[in-house]
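Chemist: Provided below for reference: sequence and predicted model.
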Amino acid sequence: MPALPTKHYAAKLQQQLRSLLGHEQIITQAYGRHLLIKRLDDEEQTVVARLTELGRNRYSAAFRSHSGRWEPLPGTGTLDEMAKVVVALLQPYLQPDNY
């Protein structure tokens, strides 16, 4: 079960991503030291990316490739900074199919 602060950061990230993307079909989930970023298509959830906590408010990002492997994205930063990086680099993958 994720620690309470991780759940808090997942909720904060979800709010930021929804604001940046302009739709509500993004959810986040705390998973250990990762924050999973999922796209909702109808009732199905697709994991697109994750942020990994490196230290106090420092994160790296990775994209889930079609093979299921995690491919690192460039840079590290705060939760706010990495939310912007993820949206800038992965926006087409974060749009729901029915959008």
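Modeler: Good, I have the coordinates.
Chemist: so what's the residue positioned nearest the centre of the chain scoring on pLDDT?
Modeler: Computing the C-alpha centroid of the chain and ranking residues by Cα atoms, centre = their mean puts Ile37 first, at 3.1 Å. For Ile37, the pLDDT comes out at 98.
Chemist: Now for it: which residues touch it?
Modeler: Applying Cβ atoms under 8 Å, 6 or more residues apart in numbering to Ile37 gives the contacts 13, 17, 26, 28, 47-51, 86, 94. No exception for glycine: its C-beta is placed from N, CA and C like everyone else's.
Chemist: separation between Val87 and Pro72?
Modeler: 17 Å (Cβ to Cβ, to the nearest Å).
Chemist: out of these two, which sits in the busier spot?
Modeler: A direct count of neighbours by other Cβ atoms under 10 Å for Val87 and Pro72 places Val87 higher, at 18 against 10.
Chemist: got a list of what the more buried one touches?
Modeler: Val87 makes contact with 17, 20-21, 94 under the criterion Cβ under 8 Å, 6+ apart.
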